[in-house]
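**Student:** Provided below for reference: sequence and predicted model.
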Amino acid sequence: MKPILFFLAVSGVFILLNMYISRRFIQKLDVHKKTKTIFRIFLVVNFFGIIGYMIGRYYIDFPNWLYFLFSLPIGILFLLFCSAIIYDIFRVFLSKIPISDSRRKFFKKSLDLSSVVIATSLSARAIYEARDIKLQKVKIKIDNLKKSYKIIQLSDIHIGGLVDSKFIKDIVLRVNALKPDLVVITGDLIDINVDKAENILNELKNLKSKYGTYFVVGNHEYFHDIDKVIDKVKSIGIRVLENENVYIGENGNGFNLAGVYDIFGYRVNSYEPDIYKALEGKDKDSPTLLLAHQPRYIYEVQHGVDLMLSGHTHGGQLFPFRFLVKLQQPYIDGLHQHNKNLQIYVNKGTGFWGPPMRLGASSEITQIDLI
């Protein structure tokens, strides 16, 4: 029953968004009635595209090209909704300012045209940015670190749908070309049934680094049988850090690498994060890096950690969402000094969730040079 209720609730939200766009944006445009009808038909088709995406994500395997088309409508709807709000504000403002009717009509037509053009351009730009994975380089000074290390951080890949074998293969080639000392994956690696992801995951076997690849679960792993996810990731030679730590390096020149389960574990009373257990037995003379999927876990880190690496936020993925994410997470992207002893770096995500669209928050592979 829960999936049905979720489906109905989400559909209801999308219907309300469409109604707002229709009544407060399309209806107010100074265009021919037939043009308005075409815009409304587009909204209906877009809505059914969203339904198709929800079905294809979890129930039916569509061809990749069709899944791509079904993936776009959610992002398009959101950008149209944001454009409609901005349009509505400017339209009301324009109706109140004391100017001649001829000037008001001119500005109104200009507003109509620019709003449609901007909404279309932003959608096209967002689709392009989702496929343009940038290499983000950052140098982080760690006290008591006796040797420099190059870490490659991947996060929020969300295997499934458009994030297929080719997508992962391209990432692996780029990572290997950087010749890292180690690779870390900070959660939300898988977003479909593990059995369907097997061939895609196998591409990660080809990751090459001096000290190997390490992984912590994100909240999405809990949605797809976390036991099977962990077992499968281990089977391809990736070390899963489950409230534990390992030593990276040799001869006392290295650092502790710790990892915890995601805080979503508190909601399901299973696989809960435990910072104290994760730091047990660590080398007290060496600095410590912590892998934790969500940035807000930093509030549970009291001491004993020098740098925390996280993901989850996607940098907002589509620009206006950034402000909503900020309500839940203390940091959205980049490097921050949390307190005197602890720094945090938040990866914007190597893949994407939902629509294959990003705006103002490009996908990233992070090269972290510890110095």
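**Tutor:** Nice, thanks for sending it over.

**Student:** next, the buried residues of stretch 105-117.
**Tutor:** The neighbour-count check on stretch 105-117 (16 or more other Cβ atoms under 10 Å) flags Lys108, Leu111, Asp112, Ser115, Val116 as buried. Where you see a C-beta, it was placed from the backbone N, CA and C, and this is true even at glycine.

**Student:** now the residues you listed as TSV including pLDDT, distance to Lys146 and secondary structure?
**Tutor:** Putting the buried residues of stretch 105-117 into TSV (pLDDT from 0 to 100; distance: Cβ to Cβ, whole Å; DSSP: H, G, I helix; E, B strand; the rest coil) gives the following:
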residue	pLDDT	distance to Lys146	secondary structure
Lys108	84	67	helix
Leu111	85	61	helix
Asp112	84	64	helix
Ser115	84	58	helix
Val116	84	59	helix
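
**Student:** can you put these in CSV and add distance to Lys232?
**Tutor:** Shown next, in CSV, are those (distance: Cβ to Cβ, whole Å):
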residue, distance to Lys232
Lys108, 57
Leu111, 53
Asp112, 52
Ser115, 47
Val116, 46
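
**Student:** quick one: which of those is nearest to Gly161?
**Tutor:** Distance to Gly161 across these (Cβ to Cβ) is lowest for Val116, with 29.2 Å.

**Student:** how about that closest one, nearest residue that isn't a chain neighbour?
**Tutor:** With sequence-adjacent residues excluded and distances taken as Cβ to Cβ, 6 or more residues apart in numbering, Val116 is closest to Leu29, at 7.6 Å.

**Student:** Val31 - that's part of a helix, no?
**Tutor:** No: looking at Val31 with DSSP: H, G, I helix; E, B strand; the rest coil, it is coil, so not inside a helix.

**Student:** if I read this right, it contacts Lys109, doesn't it?
**Tutor:** No: assessed by Cβ atoms under 8 Å, Val31 is found out of contact with Lys109, at 9.3 Å.

**Student:** rewinding a little: okay, now the residue nearest to Val116: neighbour count?
**Tutor:** Look at Leu29: counted by other Cβ atoms under 10 Å, it has 19 neighbours.

**Student:** quick check, it in contact with Ile38.
**Tutor:** No: the pair Leu29 / Ile38 is not scored as a contact, 11.3 Å apart, by Cβ under 8 Å.

**Student:** what residues are up against the residue located most distally from the centre of the chain?
**Tutor:** Centroid-distance maximum for the chain: Ser100 at 47.6 Å, with Cα atoms, centre = their mean. The contact partners of Ser100, taken as Cβ atoms under 8 Å, 6 or more residues apart in numbering, number zero.

**Student:** with the one 4 residues further on instead?
**Tutor:** For Arg104, the contact set (Cβ under 8 Å, 6+ apart) comprises Leu94, Ser95, Ile97.

**Student:** now distance to Ile192 too, for these, in TSV please.
**Tutor:** Below are the contacts of Arg104 laid out as TSV (distance: Cβ to Cβ, whole Å):
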residue	distance to Ile192
Leu94	47
Ser95	49
Ile97	52
